[in-house]
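Chemist: Sequence and predicted structure below; questions after.
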Amino acid sequence: MDNIQHPENDSCYRSLNVNQGPDKQPPVVNPYMKRVRRKPLPSAGELVEGILKGDISVLSRAVTLIESLNPQHQTVAQEVIEKCLPYSGNSRRIGITGVPGAGKSTSIDVFGLHVLRDGGKLAVLAIDPSSERTKGSILGDKTRMEKLSQHPSAFIRPSPSAGSLGGVARKTRETIVLCEAAGFDNIFVETVGVGQSETAVHSMVDFFLLIQLAGTGDELQGIKRGIMEMADGIVINKADGDNIDRARLAQAQFRSALHLFPPTASGWQPEVLTYSGYFELGISEVWDMIDRYFAFVKENGYFERRRLEQARYWMYETINERLRDHFYSNPVVEQMLGEKELRVLANKQSSFTAARDVLDAYFNKM
Ligand code: GDP
């Protein structure tokens, strides 16, 4: 019993005896064992240089820093973004959404090859809020886009997985800047069409494509009105085989539903098309529509206006996100919130005075 201070040496653990370990660790005896060295953190200058040359491995490294929670990585990442900003903006940013099973990955595979047929470079990014729970994202996964993932001019990056939807979306927004600086002139941002993430994607793209399915009988009911209102184009996938008629019917229903919506800010009348991603039917029609849209909004000035509005939106979003994080990670706040919540739930205090007390405590500490 030479280590009686150790709690497990207490008499209640009579069969346990914890001995003191050696003071010094012996040297490694396995001569084949290689110590894993962490790659040194590159400087912002080195990263920017690689990105501007279009070096994909440097770009990936920089994106990893954007996604990292390590403050040192964040400092380098922010400097890289700042330096890449003057070289960014030169791309078509296209948001693609649809419920799971709508055919997003099949479609992105063929859409991607279609836009790359005349050269250029394509980045496929994703925003997947569900990855928060599953600790890993399926969207943007290379295995889902078999042909595109082998294309030398395509860069596919799954959704950042850590943090709130706002945080995940901000990281994707920042990744766009780096991709553009690396010469990617088409950016797809994919998301699952089931919740808030569409709003986040909509706030970072020029064109928003909604992929729908026909033949479920309740075409218009399952879709949130808000998502339809954001769409610049609605495309009904799987218009093949005996599904063609149903797809056409859904197209007519969507068209008439869109007429009930107020005019869009861009002045563009959203179009509804049918296609088949799997059988590659109607793909060029979808891209003709997107080309027409870009020509239209560049001509009437809406393209620039929307990008400026988005830049402003992201400034406030970033401020809001940082403030929220700072507040909720404050230890005093954390402790008080637990106590106050119990009091509110037990009807001992009103929500408002409880909130006021926590906020007062927070602000007084500033
Ligand atoms: P995601 O979950 O939205 O990414 O959808 P996927 O691309 O994984 O497609 C879901 C399923 O629908 C897969 O089994 C595809 O093979 C199938 N699918 C996708 N596009 C089409 C299409 O155009 N026609 C038909 N018949 N099936 C398709």
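Modeler: Right, received. Where do you want to start? Numbering: from 1, shown residues only.

Chemist: Contact partners for Lys340?
Modeler: Lys340 is in contact with 349, 354-355, 357-358, counting by CB atoms under 8 Å, 6 or more residues apart in numbering. From N, CA and C alone the C-beta is placed, and that goes for glycine too.

Chemist: so which strand or helix has it?
Modeler: Here Lys340 sits within helix 331-345, counting by DSSP states H and E.

Chemist: buried set for that helix?
Modeler: Counting neighbours by 16 or more other CB atoms under 10 Å, one finds that the buried residues in helix 331-345 are 333, 336-337, 340, 344.

Chemist: Ok, stretch 60-70 next?
Modeler: By neighbour count on 16+ other CB under 10 Å, the buried set for stretch 60-70 is 61-63, 65-68.

Chemist: what about the strands in the chain?
Modeler: Along the chain, the stretches classed as strands by DSSP state E are 92-98, 122-127, 154-156, 186-192, 207-213, 233-237, 271-274.

Chemist: In the sheet, which strands lie alongside the fifth one, parallel or antiparallel?
Modeler: Think strand 207-213. strand 92-98 (parallel), strand 233-237 (parallel) (DSSP bridges).

Chemist: circling back: gap between the helix holding Lys340 and the chain center?
Modeler: On the basis of CA atoms, centre = their mean, to the nearest Å, helix 331-345 is displaced by 31 Å from the centre of the chain it belongs to.

Chemist: So which of the contacts of Lys340 wins on neighbours?
Modeler: When neighbours are taken as other CB atoms under 10 Å, the top entry among those is Val358 (21 neighbours).

Chemist: Now do the contacts for it.
Modeler: The neighbourhood of Val358, defined by CB under 8 Å, 6+ apart, consists of 333, 336-337, 340.

Chemist: can you pull the pLDDT of it?
Modeler: Val358 carries a pLDDT score of 96 in this model.

Chemist: So what's the residue count around Asp245?
Modeler: Using other CB under 10 Å, Asp245 has 11 neighbouring residues.

Chemist: returning to what we had before: and the ligand, which of the contacts of Val358 contact it?
Modeler: Taking CB under 6 Å from any ligand atom, there is no overlap between those and the neighbourhood of the ligand.

Chemist: which among these gets closest to the ligand?
Modeler: The nearest member of these to the ligand, counting by CB to the nearest ligand atom, is Leu337 at 37.6 Å.

Chemist: Look up the closest residue to the closest one, ignoring the ones flanking it.
Modeler: The shortest distance from Leu337 to any non-neighbouring residue, by CB to CB, 6 or more residues apart in numbering, is to Val358 (6.1 Å).

Chemist: Deepest-packed of the strands of the chain, please.
Modeler: Greatest average neighbour count among the strands of the chain goes to strand 122-127 (a mean of 28), per mean count of other CB atoms under 10 Å.
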